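Enquirer: quick one, fold the following:
(one chain, ligands or ions: 3)
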Amino acid sequence: MPDRPKTPTLDRVASPADLKALGDDDLSSLADELRAETISAVSETGGHLGAGLGVVELTVAIHAVFDTPRDKLIWDVGHQCYPHKILTGRRDRIRTLRQKDGLSGFTKRSESSHDPFGAAHSSTSISAALGFAVARDLGAPEGVGDAIAVIGDGAMSAGMAYEAMNNAGHLGKRLFVILNDNEMSIAPPTGAMSSYLSRLYAGAPFQELKAAAKGAVSFLPPRFQEGARRAKEMIKGMTFGGTLFEELGLSYVGPIDGHDMESLLPVLRAVKARADGPVLIHVVTRKGKGYAPAEDAADKGHGVSKFDVVTGEQKKAPSNAPSYTSVFGGTLVDLAARDERIVGVTAAMPDGTGLTKMLERFPARTFDVGIAEQHGVTFCAALAAAGMRPFCAIYSTFLQRGYDQVVHDVALQGLPVRFPIDRAGLVGADGATHAGAYDIAYLANLPGFTVMAAADEAELMHMTVTAAAHDEGPISFRFPRGEGVGVELPERGEILPIGKGRIVREGSGVAILSLGTRLSHAEAACEALAARGIAPTLADARFAKPLDRELILDLAARHDALITVEEGAVGGFGSHVAQLLAEEGVFDGGLRFRMMTLPDRIIDQASPADMYALAGLSADDIERQVLDVLDVASLRGRA
Ligand SMILES: Cc1ncc(C[n+]2csc(CCOP(=O)(O)OP(=O)(O)O)c2C)c(N)n1
Ligand SMILES: CC(=O)[C@@H](O)[C@H](O)COP(=O)(O)O
Ligand SMILES: [Mg+2]
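Expert: Ligands and ions are numbered 1, 2, ... in the order given. From the prediction side, this is the model:
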């Protein structure tokens with residue numbers, strides 16, 4: 001077992017209540033130990049390191065001043081919550097983070113009463129905190145104390161945060177919003193709001209003057225008040241505009257050094273003692289703080305694999321094939337080099353979506369809009385309306401945030417926005433909140449949408465090229481997280497005929513119609529079945545919409561049984577095939593039909609292979625399904 005850090009103070013903390021007995025000096029020591037424990041744990045599990053390291057002091061200070069679980073502490077996104085988990089009774093399981101049957105990498109209601117509201121998608125914290133504050137004032141039966149949202153500068157770019165502040169400023173309820181400003185999102189943040197926060201940050205003395213001018217001195221701890229009063233004298237006669245937050249009706253306190261316990265503790269104590277409305281406390285931190293390999297990394301250690309604590313070297317499994325993301329990114333750059341109408345759009349995830357190459361090569365045609373999926377989709381819709389060829393690159397799970405825009409701005413207007421949908425299917429350690437489970441269902445029901453799913457990385461190249469050429473309406477293509485299957489890649493992708501699938505292997509008796517990357521698992525099932533003398537026909541549908549009617553009806557006519565397989569929720573591809581078969585009266589002729597989809601339940605984090613096994617979509621499950629539908633009772637037990 002690797003050396004564990006010495007943590008005498010932390011060892012005395014079983015729950016936040018134990019912090020109340022510690023003096024301020026002990027709290028500083030506790031923060032140091034908590035940082036060491038976090039680094040040690042994440043070195044064994046991998047995960048979101050940098051964000052948690054940046055809020056270690058803040059976590060200690062909040063738990064020392066407030067009183068969870070009665071006070072409701074809501075971490076935006078939740079990727080910075082590992083120190084919070086360690087302090088709230090989960091230290092004994094912290095080395096199970098993000099693993100099967102282990103702790104979630106995000107806050108989760110079912111895990112602890114200290115996680116009053118689950119998260120993982122960003123920018124929900126202020127809305128949730130306001131909900132708790134209003135419930136408290138309405139006499140909520142659960143007994144609610146204060147509500148505290150901790151939101152990052154990256155998350156502060158999303159519309160939802162402003163919707164919440166708009167409402168909070170209007171209602172005037174006592175509420176604490178802690179803006180954790182580390183001048184980082186996953187990538188360096190973009191946008192005017194980020195520049196605005198930087199100006200507040202750069203103008204720290206100015207803020208002190210302004211706080212004085214606006215009478216906010218009372219929020220400052222006594223040792224700051226004197227300076228602020230002096231400042232007030234100095235600025236008599238000068239006019240200052242309020243911060244944006246003040247204009248929205250929140251008192252503004254800050255900026256404060258978020259690693260200085262001597263600043264954090266008195267400020268939090270003061271606001272807790274005196275606030276009678278919504279207060280925004282602007283805290284300045286460093287992502288990755290206190291661990292040089294994270295601080296020095298371009299992404300500040302946002303997401304790491306297991307690593308060596310001493311060297312910081314991450315342990316990455318050797319790769320056997322290029323990732324889907326890189327194949328998409330490379331193909332897009334090739335296309336953009338030949339077509340000036342191609343534009344790339346990402347919502348704060350240039351690396352994750354493969355747009356970094358495009359950003360480097362064609363910066364004028366690549367846009368990181370920040371965490372703003374709704375805006376990103378509508379922005380692309382207008383680009384398309386003006387004759388450009390936008391690729392709106394958003395993970396399956398985050399595109400959910402922009403769904404009304406997909407329907408209202410894209411689909412109803414029939415605009416040719418291209419949606420490369422990465423992280424389709426089950427993603428592993430990030431768990432249920434990040435599962436790309438729903439996109440087939442939520443896109444294939446939209447009139448005029450073309451919906452594709454790549455079976456391998458060569459198919460992904462073809463689909464990227466097909467999407468670029470498709471000006472007739474919106475088009476999407478999905479592909480999973482991680483490596484491709486290792487097929488040979490063509491020099492260039494080909495334009496696929498819209499709505500046409502392909503037969504992968506001819507057989508008889510039963511046909512498997514696969515959509516997406518379950519194809520290789522279906523092939524493995526066919527190999528196993530061959531040993532039993534069963535030879536299914538295997539087809540790759542390529543399109544969930546429009547369906548290849550000819551192919552499907554032909555498979556149905558030539559086989560006793562048809563099985564669809566997809567890495568998506570109930571109500572997706574299989575349902576569309578069922579509808580076609582029902583409409584064509586195929587079931588009347590006695591076709592045996594089965595749909596293999598994700599089950600209608602939440603699947604928690606594990607390795608993708610384990611998650612698919614739990615979902616009943618492994619190669620073994622496909623083999624079993626074939627035996628079952630053929631009613632090969634004697635063979636079924638052996639599958
Ligand atoms: C709606 C949504 N879009 C994108 C993401 C992916 N994401 C997770 S954390 C993050 C950056 C958040 O930056 P910030 O709030 O400043 O937190 P920091 O990591 O800097 O502490 C992004 C883009 C997400 N979780 N939710
Ligand atoms: C917290 C969050 O939403 C992201 O950091 C996400 O975990 C990234 O996922 P990938 O690692 O699949 O890009
Ligand atoms: Mg940040």
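
Enquirer: how many residues are close by the residue of the stretch 151-300 of the chain found nearest ligand 3?
Expert: Using Cβ to the ion, the closest approach of the stretch 151-300 of the chain to ligand 3 is made by G152 at 3.8 Å. Placement of C-beta: from N, CA and C, glycine included. Residues lying near G152 (other Cβ atoms under 10 Å) number 29.

Enquirer: torsion angles phi and psi at the residue nearest to it when sequence neighbours are not counted?
Expert: Closest residue to G152 apart from its sequence neighbours, by Cβ to Cβ, 6 or more residues apart in numbering: N180 at 5.0 Å. Dihedral angles of N180 (phi, psi; degrees, to the nearest 10) stand at phi -90, psi 100.

Enquirer: with the one 10 residues further on instead?
Expert: Geometry field for T190 lists phi and psi as phi -120, psi 170, criterion degrees, to the nearest 10.

Enquirer: need the contact list for it.
Expert: Contacts here follow Cβ atoms under 8 Å, 6 or more residues apart in numbering; on that basis T190 touches A348, D368, V369, G370.

Enquirer: switch the cut-off to 6 Å
Expert: D368, G370 (Cβ atoms under 6 Å, 6 or more residues apart in numbering).

Enquirer: how close does it sit to G402?
Expert: The spacing between T190 and G402, counted by Cβ to Cβ, to the nearest Å, is 17 Å.

Enquirer: E491 now?
Expert: In terms of Cβ to Cβ, E491 sits 34 Å off from G402.

Enquirer: what distance do you get for the residue of the stretch 151-300 of the chain closest to ligand 3 to E246?
Expert: Where E246 is concerned, G152 sits at a distance of 20 Å (Cβ to Cβ).

Enquirer: what does the average pLDDT come to for stretch 579-591?
Expert: What stretch 579-591 shows for mean pLDDT is 96.

Enquirer: apologies, that question was intended for stretch 617-631.
Expert: 96.

Enquirer: neighbours of the nearest residue to M184 once chain neighbours are set aside, just the number please.
Expert: Nearest residue to M184 in three dimensions, chain neighbours excluded: K287, at 4.5 Å (Cβ to Cβ, 6+ apart). Applying other Cβ under 10 Å, we find 28 residues neighbouring K287.

Enquirer: test my guess that K287 contacts G54.
Expert: Yes - using Cβ atoms under 6 Å, K287 makes contact with G54 at a distance of 4.5 Å.

Enquirer: need the overlap of contacts for those two.
Expert: Residues touching both K287 and G54 comprise N182, with contact defined as Cβ under 6 Å, 6+ apart.

Enquirer: thinking again about what came up before, the residue nearest to M184 belongs to a helix?
Expert: No - K287 is assigned coil when assessed by DSSP: H, G, I helix; E, B strand; the rest coil, not a helix.

Enquirer: tell me, how many residues neighbour the closest residue to ligand 1 within the stretch 201-350 of the chain?
Expert: Here the stretch 201-350 of the chain gets closest to ligand 1 at one residue, A348, 3.8 Å apart by Cβ to the nearest ligand atom. Residues lying near A348 (other Cβ under 10 Å) number 26.

Enquirer: next: the one 10 residues further on.
Expert: For M358, the neighbour count with other Cβ under 10 Å is 27.

Enquirer: one more: G590?
Expert: The burial count for G590: 7, using other Cβ under 10 Å.

Enquirer: if we can go back for a sec, please verify my assumption that the residue of the stretch 201-350 of the chain closest to ligand 1 contacts I371.
Expert: Yes - contact status for A348 versus I371: in contact at 4.5 Å, counting by Cβ under 6 Å.

Enquirer: in the stretch 451-600 of the chain, what residue is nearest ligand 1?
Expert: R481 (13.3 Å).

Enquirer: phi, psi of T353?
Expert: According to degrees, to the nearest 10, T353 has phi -90, psi 0.

Enquirer: where does it land on pLDDT?
Expert: If you check T353, the pLDDT there is 98.

Enquirer: quick check: chain neighbours aside, which residue is closest to it?
Expert: A393 (3.9 Å).

Enquirer: look at E491 and G402 and report which has more neighbours.
Expert: Higher neighbour count among E491 and G402: G402, with 23 against 6, using other Cβ under 10 Å.

Enquirer: make sure the more buried one is indeed in a helix.
Expert: Yes - assigned with three-state DSSP, G402 falls within a helix.

Enquirer: can you check what pLDDT the model gives it?
Expert: If you check G402, the pLDDT there is 98.

Enquirer: I figured L250 hits P278, correct?
Expert: Yes - at 4.4 Å, L250 counts as touching P278 under the criterion of Cβ under 6 Å.

Enquirer: the more surrounded of the two?
Expert: P278 (29 against 24).

Enquirer: buried residues, stretch 62-77. List them.
Expert: Using 16 or more other Cβ atoms under 10 Å as the burial criterion, the residues of stretch 62-77 that qualify are 62-69, 71-77.

Enquirer: tell me the domain ranges of the chain?
Expert: Taking automatic domain parsing as the criterion, the chain consists of the domains 10-296, 324-478, 502-636.

Enquirer: the residue nearest to L49 when sequence neighbours are not counted: which element?
Expert: Excluding the flanking residues, the one nearest L49 by Cβ to Cβ, 6+ apart is G301, at 4.3 Å. Secondary structure assignment for G301, by DSSP states H and E: no helix or strand.

Enquirer: contacting residues for the nearest residue to Y324 once chain neighbours are set aside?
Expert: Leaving aside its chain neighbours, Y324 sits nearest to F479 (4.2 Å; criterion: Cβ to Cβ, 6+ apart). Counting by Cβ under 6 Å, 6+ apart, F479 makes contact with Y324, A424, A454, L460.

Enquirer: between which two of the residues you listed is the distance greatest?
Expert: Among the contacts of F479, the pair separated by the greatest distance (Cβ to Cβ) is A424 and L460, at 10.8 Å.

Enquirer: between those two, which one's more packed in?
Expert: Higher neighbour count among A424 and L460: A424, with 30 against 27, using other Cβ under 10 Å.

Enquirer: pLDDT value on P318, please?
Expert: 87.

Enquirer: neighbours of it, how many?
Expert: Other residues close to P318 by other Cβ under 10 Å number 4.

Enquirer: same check, this time on the one 5 residues further on
Expert: Applying other Cβ under 10 Å, we find 18 other residues in the vicinity of S323.
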